[in-house]
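[1] The following comprises the amino acid sequence and a computationally predicted model.
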Amino acid sequence: SRVQAVMIINEVMMGAFESGASTKDGSRDTKMMMDLVSSVLDEYLAPEHWHITTHTPKERRHTPTIEQQHRNDLVVSVLVEGVGHLVHVAGTRGGDVIDLLQRTLYALLEKLGDTHRPLVAQAAWASLHRLAIAESNNHTDTEEKQNKAPHTHVPGPAVPSTPTPEVMITHMIGRNSDYLVDCLGQRMRYLHAYPDTPRVFAGLLRYTGKAFLVLLEDTIDMVLASIDSFTRPPSTTTATGASNSTSNSNNDGRALPADQYILAFFEILQSVLKVLTPQAEEDIEARHARTMVTTQQREAQLGKKNTITPTHAENDNRDSQAREFFEDYHKRKEEAEHEHEHGPGHAPASSSEDEYPTAITIAQRLFARRVVQKAVHFISARSKDLRHVTLSVVHLSLVVLASSGEKYADAERDGPEGDVKRVPLLPVVHQAWGALVRRLSDPDPFIAVNAMTVISFIARECGQFLASKFVQDLWPALQRQHDIVTALPASANMHTSREGSHQNGPSSYQYTVAFRSQQAMVQCVHAVCLHLESLSSDVLLDLARRFVPYLALSAFPLLQELSVKFYKDLSLHDPDMVWLAMCELLHASFDPPPLTSSLLAHVPAIRAGRLSHATSTAEKHD
């Protein structure tokens, strides 16, 4: 087989030149070695071997089996590993490493970004490490020759004795950044011939981080412009040469639909946003921690003020008023001095930026806002893969936007036109809200689950902004989705015996689509209700009725835990109303406390809801 043939060639190449064969005069035949390495490398990088697919297109009748896919993965991984062996042989025997670097660096980065085949990505990582070692040795030798002076030894830069593979690969990419940026720009213009270009972005940015983003600004602008061309009338043409009304052909002569172009563009943007998201999440967590500490301090101060005597309270109030007066006076004085020095059009630094420092820049937040504005048009695309990627892109973009803590637009603080200092979150959420809610009823349940995850994040960051949207849009859509999920055959396994398998070990139900949908739904509604300041009594009763089945002793344990937390937080809005609803819906036998007139008015509605719920349950069992 091909796997065995490639493995034999790799071992022969390593063994032949590791033995240190030399000519009669004692010098190694480097030219013969490089010719042999070059010929083997050409065969390895041939498209019919290097780009072997693990799955066939949909238009073909026969799809590969799992065994065939695994065999193809082994072939590619062994080829990638063989490239590392060839580079190692050439580097240790004084070959032309620069030529090998130009031929293999881009190809190895492409395999490194193949997230669907971890075996191939792991082999690419090992080969890149060997390439980095050979390139680093060649770079050091070149510097020593250039800096060498007579009778003087000039040491090189201080380099750790054993640098990590991550550091070596990052330095190699940095020294060859011009070559990589040029290759990416050329292939982006002919994306129909190089459909695997997004993998290069993923592999490149995974280990270089934000340091390489500065060099990719022009390429990212090209991607955004190409997405714009697909939202224009059919007569327009993209920057990559693809018309949005027709399909081009790749180098194999196969048609490449427009959805695949857009999918490739959003995969590139997804790789860029994944670089920014970790720092944005840290900023959000730090801001929430500061807010919690501030709230606790205010509550502690309020408790102290309530315990002091009235005379001390009056004195403390006077002191605080005097302190606020002088603080306001000094603040106005500083603003006046700032305007006198820089002019009236130059506003001072925002106080919120000082209060909530963040490593995400304004330019990066503007980029995230542009991405959301473009992704909204494709969330409802026909392609399932495109809908999935655009949802992920929207989620990552909202995380970047939420890192600053700026929620509302303020024209006075943004400065003159073109001088953007703040990128608020709520206008972007409002623009994407309708498309996100419609994805709750997506035919693919996994996309519906992802949409609930995005809405849960929005609820945590926007809070009361979703009050009217929850009642009008979100809750009706979640009710329809809940009815669809409970009608699935797998949902019948939710009610199992307490002596069932889920007590002794993990149950198979938690791996079903029905469980994931129910779990995401409870978490989504919980997140929204937890961050809303108030809910009407009708909505409270409807919420209490909907998730009662998850409280049953026969329900799945994980759903029980989620629903218990949900009802605890739901009771924070109106404890008496939730307590009364639970007593009626769960048929509590103990005597309730005296009811107020406001609660007595809701008793008929609660009982009517219990009756309708019991009737619908009986009909389902029948």
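    Perfect, I can see it now.

[2] Surely V89 and V12 touch.
    No - contact between V89 and V12 fails when scored by C-beta atoms under 8 Å: they sit 10.7 Å apart. C-beta coordinates here come from the backbone N, C-alpha and C atoms, glycine included.

[3] who's more crowded, the two?
    Counted by other C-beta atoms under 10 Å, V89 and V12 do not tie: V89 has more neighbours, with 24 against 11.

[4] does the more buried one belong to a helix or a strand, and which?
    Counting by DSSP states H and E, the element that carries V89 is helix 66-92.

[5] Next SSE downstream of that helix?
    Immediately after helix 66-92, counting by DSSP H and E, sits helix 97-112.

[6] pull the longest helix from this protein.
    Scanning the chain for the longest helix, with DSSP state H as the assignment, gives helix 258-307.

[7] Who are the packing partners of that helix?
    Packing partners of helix 258-307 (3 or more C-beta pairs under 8 Å, 6 or more residues apart in numbering; DSSP states H and E): helix 197-208, helix 217-230, helix 362-375, helix 384-402.

[8] Using TSV, lay out those helices together with mean pLDDT, distance to E81 and mean neighbour count.
    Below are the helices and strands packed on helix 258-307 laid out as TSV (pLDDT from 0 to 100; distance: least, C-beta to C-beta, whole Å; neighbours: other C-beta atoms under 10 Å):
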stretch	mean pLDDT	distance to E81	mean neighbour count
helix 197-208	86	16	22
helix 217-230	85	30	17
helix 362-375	92	36	20
helix 384-402	94	29	23
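
[9] Distance to V3 for those - can I get that in TSV?
    Converted to TSV, the helices and strands packed on helix 258-307 look like this (distance: least, C-beta to C-beta, whole Å):
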stretch	distance to V3
helix 197-208	22
helix 217-230	36
helix 362-375	41
helix 384-402	30
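
[10] And stretch 187-202, end to end?
    15 Å (C-alpha to C-alpha, to the nearest Å).

[11] Which of the helices and strands in this structure ranks last by mean pLDDT?
    helix 351-355 (a mean of 37; mean pLDDT, DSSP states H and E).

[12] average pLDDT across the longest helix of the chain?
    Helix 258-307 shows a mean pLDDT of 82.

[13] Any regions of the chain where pLDDT drops low?
    17-28, 53-64, 93-95, 139-162, 231-256, 303-358, 409-421, 488-506, 588-622 (pLDDT under 70).

[14] Run through the strands of it in chain order.
    Secondary structure of the chain (DSSP state E): strands at 248-249, 255-256.

[15] where's the nearest residue in space to S536 that is not next to it in sequence relative to C529, distance?
    Distance criterion C-beta to C-beta, 6 or more residues apart in numbering; nearest residue to S536, sequence neighbours excluded, is V471 at 7.4 Å. Using C-beta to C-beta, to the nearest Å, V471 is found at 12 Å from C529.

[16] how far away is D483 from Q69?
    As for D483, its distance to Q69 is 38 Å (criterion: C-beta to C-beta).

[17] And for P445?
    Applying C-beta to C-beta to P445 and Q69 gives a distance of 25 Å.

[18] Those two: which has the busier surroundings?
    Just comparing P445 and Q69: by other C-beta under 10 Å the higher neighbour count belongs to P445, 18 against 15.

[19] residues in contact with the more buried one?
    Contact analysis of P445 by C-beta atoms under 8 Å, 6 or more residues apart in numbering lists V485, V513, R516, S517.

[20] Just the residues you listed: which are in helices?
    The helices in this structure, assigned by DSSP H, contain V485, V513, R516, S517 from the contacts of P445.

[21] Between which two of these is the distance greatest?
    Using C-beta to C-beta, the ones in helices among the contacts of P445 span at most 9.4 Å, a distance reached by V485 and R516.

[22] The two - which one has more neighbours?
    Looking at V485 and R516 with other C-beta under 10 Å, you find the greater number of neighbours at V485, namely 20 against 17.

[23] what sits against the more buried one?
    Counted by C-beta under 8 Å, 6+ apart, V485 has contacts P445, S491, A514, S517, Q518, M521.

[24] By neighbour count, which of those residues wins?
    Busiest of these [other C-beta under 10 Å] is Q518, holding 29 neighbours.

[25] L543 versus that one, what's the distance?
    15 Å.

[26] How about R290?
    Distance of R290 to L543, computed by C-beta to C-beta: 31 Å.

[27] L466 too?
    For L466, the distance to L543 - C-beta to C-beta - is 14 Å.

[28] Likewise for T104?
    59 Å.

[29] try P557
    Relative to L543, P557 is positioned 22 Å away (C-beta to C-beta).

[30] Show me which of these two is the more surrounded one.
    Using other C-beta under 10 Å, the more surrounded residue of P557 and L543 is L543, with 21 against 13.

[31] Tell me which residues touch V181, please.
    Remark: with contacts taken as C-beta under 8 Å, 6+ apart, V181 is in contact with L215, L216, T219.

[32] tell me the contacts of the last one?
    Read that as T219. The contact partners of T219, by C-beta under 8 Å, 6+ apart, come to V181, L184, G185, M188.

[33] again with Y207
    Residues near Y207 by C-beta under 8 Å, 6+ apart: E166, I169, T170, I173.

[34] now do 7 Å
    E166, I169, T170 (C-beta atoms under 7 Å, 6 or more residues apart in numbering).

[35] Could you do W125 as well?
    Contacts of W125 were listed using C-beta under 7 Å, 6+ apart, and they are L112.

[36] Distance of it relative to L191?
    For W125, the distance to L191 - C-beta to C-beta - is 26 Å.

[37] S571 now?
    55 Å.

[38] Kindly report the same for S226.
    8 Å.

[39] Please apply the same query to P163.
    Counting by C-beta to C-beta - P163 and L191 are separated by 35 Å.

[40] And the two? Which one has more around it.
    L191 (26 against 15).
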